[in-house]
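1. have a look; sequence and predicted model below, questions after that.
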Amino acid sequence: MKLSSFLIFISIVLLVYISVNYYIFRRGLQTLPTDSNLRGYYIGLFLLFSLSFWIGRVMERFWLSHVSDIFVWIGSIWLAFMLYFVLWALLFDILRLLDYLFGIFPNIITANYAKAKFITGISVTAISAIIVIAGYINFMSPQVRDLEIKINKPAKWKELKIAVASDIHMGTIVGRKQVDKYVEIINSLKPDLILFPGDVIDEDLAPVLKQNTGGALANLKSKYGVYAITGNHEYIGGVEEAVKYLEDHNVKMIRDNYLVIDGSLVIAGREDSSSAQFANLKRKPLEHILADADKNLPVILMDHQPFNLDLAVKNGVDLQLSGHTHHGQLWPLNFITKMVYELSWGYKKKSDTHFYVSCGVGGWGPPVRLGSSSEIINLKVIFK
């Protein structure tokens, strides 16, 4: 990414982050009595929580340690609290406006307004904590989702078992212990083939090297191997280093190319569409990638970001596997991803082409999932 583009991007992100946190801070402070000693503790803790993510990410670049891990974890959890605190604040601001216009608050609130605000602040914090804890448990407990697809083409197999895990995001948050769990689940499915449709690594490679997380991937077992494509996060962190690391750990990267499995199945993989933004690389058109592929064979395509689904239909793809959306990861953000993507999560068929967009097994930012589960797809493909 060009320096000027990066500076503009990070400036916008920081402006939004600071504005949201200031809004939450002001509304939280208003719930505390002006003469309360709690205000000092509140200010100190708020600064710690709101700055931790950025401190940790910067620290990882210069001093990767348990200290940087702690800051990243605190800051990542705070991102989830941020979302729900701002939603609560907006809700109560709407209620305050309605009370100003129509006097909707009962006397028990208006007569003891300071006490009501304090109780509201405590209640909101407690409820948000319960929500985040439940989301953390959900995030750390990946589910196996069974999916059966029939492709009307012949192959040497009657059926093929494929394990699909998108958006692992290996890094500080999704470390060796968690990836070991993913590998154990995948191996228990006894797949013939393992596919990772992008974002295997979460930006910075240093935490992955520190924990030897790739060592877990090297323990994956399947008859025909492990294949992956790049996602936007491989490009954000440095795509060539990420690709080399994954290939050094028995993950074959398919980059704007295709290969044939045992003479009977075409597996194609596209570079992520963010390649132009982060590396000034223009990915190949899909028709060029599949130009000399044998379309009489079943064709499976991995494309990280599920945009322009019709391209797969036009190019004779039988099954496209994608990720990236996380299905919003945190409710109610799934409503936004539903508006952005034709398919935010799950299965869809267009003409003769099947699509599955996974909400991912890992995640970016907070290790919290609400509205969907961390998933590994146990895909059975049945051939003609």
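-> Alright, I've got the coordinates.
2. show me where the stretch 201-350 of the chain has strands.
-> Secondary structure of the stretch 201-350 of the chain (DSSP state E, counting those that start in this stretch): strands located at 226-228, 252-253, 257-261, 265-269, 299-302, 319-322, 346-350.
3. residue 68: which of those is closest?
-> strand 226-228 (27.0 Å; CB to CB). C-beta here means a position set from N, CA and C on the backbone, and glycine is covered the same way.
4. tell me which strands the closest one pairs with, and in which orientation.
-> Strand pairing for strand 226-228, determined by DSSP bridges: strand 193-196 (parallel), strand 252-253 (parallel).
5. where exactly do the helices run in this structure?
-> Per DSSP state H, the chain carries helices over the ranges 3-29, 38-62, 66-102, 107-110, 113-139, 176-188, 206-211, 214-217, 232-237, 239-248, 275-279, 286-289, 310-314, 334-340.
6. and the ones you listed: which comes nearest residue 269?
-> Nearest of the helices of the chain to residue 269, taken as CB to CB: helix 286-289 at 8.4 Å.
7. mind listing what residue 284 touches?
-> 256, 270, 271 (CB atoms under 8 Å, 6 or more residues apart in numbering).
8. nope, residue 229 is what I meant
-> Going by CB under 8 Å, 6+ apart, residue 229 touches 196-198, 253-255, 269-272, 302-304.
9. so which of these is the most crowded?
-> If you count neighbours using other CB atoms under 10 Å, the busiest of those is residue 197, which has 32 neighbours.
10. hang on, the earlier thing: closest to residue 316 among the contacts of residue 284?
-> residue 270 (14.9 Å).
11. tell me how far the closest one lies from residue 107.
-> Distance from residue 270 to residue 107, counting by CB to CB, to the nearest Å: 63 Å.
12. any idea how this structure splits into domains?
-> Listed by automatic domain parsing, the domain ranges of the chain are 3-138, 144-383.
13. start to end distance for stretch 203-217?
-> End-to-end span of stretch 203-217 (CA to CA, to the nearest Å): 17 Å.
14. that should have said stretch 139-148, apologies.
-> For stretch 139-148, the first and last residues are 25 Å from each other (CA to CA).
15. mind listing what's buried in that stretch?
-> 139, 142, 145, 147 (16 or more other CB atoms under 10 Å).
16. residues touching the second one, list them.
-> The reference is to residue 142. Contacts for residue 142 were tallied using CB under 8 Å, 6+ apart; they are 181, 182, 185, 361, 373, 374, 375, 376.
17. hmm, the second one is touching residue 165, no?
-> Yes. Checked against CB atoms under 8 Å, the pair residue 182 and residue 165 is within contact range at 6.3 Å.
18. before we move on, the earlier item: of the strands of the stretch 201-350 of the chain, which is nearest residue 29?
-> strand 346-350 (42.1 Å).
19. give me the sheet partners of that closest one and which way each runs.
-> Short version: by DSSP bridges, strand 346-350 pairs with strand 353-357 (antiparallel).
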